[in-house]
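# prediction below, plus the sequence it came from.
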Amino acid sequence: MKKHNFYAGPSILTPYTIKNTADAVINFADTGLSLLEVSHRSKEFVAVCEEARALVAELLQLPEDYKVLFLGGGASMQFCMVPFNLMKKKAAYTDTGTWAHNAIKEAKIFGEVEVLGSSKDENYIYIPKDFTIPSDVDYFHFTSNNTIYGTEVRKDYDSPVPVVCDMSSDIFSRVFDPTKYGIIYAGAQKNLAPSGVTIVIVKESLLGHVDREIPTMLDYRTHIKKDTMFNTPPVLPIYSALQTLKYYKEQGGVAAMEKLDLEKAAILYDEIDRNKLFRGTVAEEDRSIMNVCFVMNPDYAELEKEFYDFAVSKGIVGIKGHRSVGGFRASLYNALPKESVEVLVNAMKEFEAKH
C-alpha cells in the first residue's frame, strides 16, 4: 500500500532527494567511497557544500552581503547564537508558540526581552498583530510558522531594527524579501533534508558589534570565515539538502512551490470547513499552509480514534496531533504531492458518510 506521509518532522522528502542520497551512500561522486565515510574536505564534498550554499542564495535571491551557513545544533542552537551575536542590551520577540517561547527564554540570559505580543493565553490559536516594533531594541525576532499549533505569518514585517526569523517549518514555501531580514535560520528536517543540519542566513554587516566575548563555535564570523567548514559539518544532511534544492529549482523555484502549497492547503481547509465531523483549531486568517491542525467537532469527539485508525488503513501516516493541541495535524510540506492531500480529503468524506 502506498503511504501518504504527513509527519511534522522529520518529514517527507522528495523521491529525487531520497534516491540520490541513497546512491551517494553507496558510491559518492564516483569516488568509490560512501558519502558516510568521505572526507568533508575532499574536493568532491567541498563542491557539494559550495553548490548548496549557492542554490540557497539563488532560490531566495539573497543580496551579496548575506552569507549562507550550514551549522549543527538544530534551530534550537540559534535561540542562543542569535542573542550572543546581536544583543547588546535589549531585543523584542513575539510569543506565538512553543519554539518562539523557548527562544525568548534563551534570549533572557543575554539581556532584556520585550515581548511585543503573545497568544499563549489562548493556546496559541492566533498570531498577535496589534504591536509596534520599537526602535530602541537590537533586533526583532519572530517564528514564521508554528508547527505544533498550525499558525503562520505569511508577510514580511517593516521594522526599524534588524529582523530575525525562525523559518524552520516554512522556508522555501513562500516568496519573501530577504532584505527585510538580518538573520534567517531553519532546521532542515521539515522542508529540506534529514535532521542534523540548520541553514543560517546572516547579513554580515550586523556582526561584530557586541562587547561580550563570544565562544568560537557560537560566533557566526567563525563559520563565515571558514566557509561553513570550521568543524566537520553534517555531511549527509547537507548532501540531501543539495538534492532538494536542485529539485526546487527544476520545479520552478520558490514561487512554484508556493503555488502548489497554497493549492494543497486550500483543498484540505475547504474540506475541514465543509465536513460536519471536523473543525479547524486556529483563527482562519492565521492558518498555516504547512501544518494544518484540526479536531473532531464536539458532538463527534468520541470518533477521534476511529477516524485515526480509518486513516491509517488508507495508508495515511503522521496525522496525529501534537499533545498540546490534540486531534489531527497534517503537514503539507513541499515534498508532499497533491495526491496525498486528496487521499486524506477523500478519507474524511468517506468517514463522514459512514457516520
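Yep, it's here.

# quick one: stretch 197-211 to chain centroid distance?
Stretch 197-211 sits 19 Å away from the centroid of its parent chain (CA atoms, centre = their mean, to the nearest Å).

# buried stuff in that stretch?
Residues of stretch 197-211 classed as buried: V197, T198, I199, V200, I201, V202, K203, L206, L207, V210 (neighbour count, 16 or more other CB atoms under 10 Å). Any C-beta I mention is one placed from the backbone N, CA and C, and that applies to glycine too.

# quick one: residues contacting the second one.
In this case it means T198. Residues counted as contacts of T198 (CB atoms under 8 Å, 6 or more residues apart in numbering) are F70, L71, G72, G73, G74, A75, M77, Q78, Y185, A186, G187, A188.

# most neighbours among those residues, which one?
Neighbour counts for the contacts of T198 (other CB atoms under 10 Å) peak at G187, which has 28 neighbours.

# spatially nearest residue to that residue, not counting backbone neighbours?
If the residues on either side of it in the chain are set aside, G187 comes closest to A75, at 3.9 Å by CB to CB, 6 or more residues apart in numbering.

# now the phi/psi pair for the one you found, please.
phi -60, psi -30 (degrees, to the nearest 10).

# cool, and S118?
phi -140, psi 140.

# if I pick the nearest residue to it once chain neighbours are set aside, what's in contact with it?
Sequence neighbours aside, D95 is the residue nearest to S118 in space, at 3.7 Å (criterion: CB to CB, 6+ apart). By CB under 8 Å, 6+ apart, the residues touching D95 are H101, I104, V115, G117, S118, S119, K120, P128.

# check the burial of the second one by counting its neighbours.
Residues within reach of I104, counting by other CB under 10 Å, total 19.

# so which elements touch the host helix or strand of it?
Assessed by DSSP states H and E, I104 sits inside helix 98-107. On a contact count with 3 or more CB pairs under 8 Å, 6 or more residues apart in numbering; DSSP states H and E, helix 98-107 meets helix 74-86, strand 90-95, strand 112-118, strand 140-143, strand 145-146, strand 163-166.

# between the ones you listed, which gets nearest to L277?
strand 145-146 (24.7 Å; CB to CB).

# just checking: what are the partner strands of that closest one?
strand 151-152 (antiparallel) (DSSP bridges).

# and the most centrally placed residue in the chain, what pLDDT?
In the chain, the residue lying closest to the centroid (CA atoms, centre = their mean) is S169, at 1.8 Å. At S169, the pLDDT value in this model is 96.
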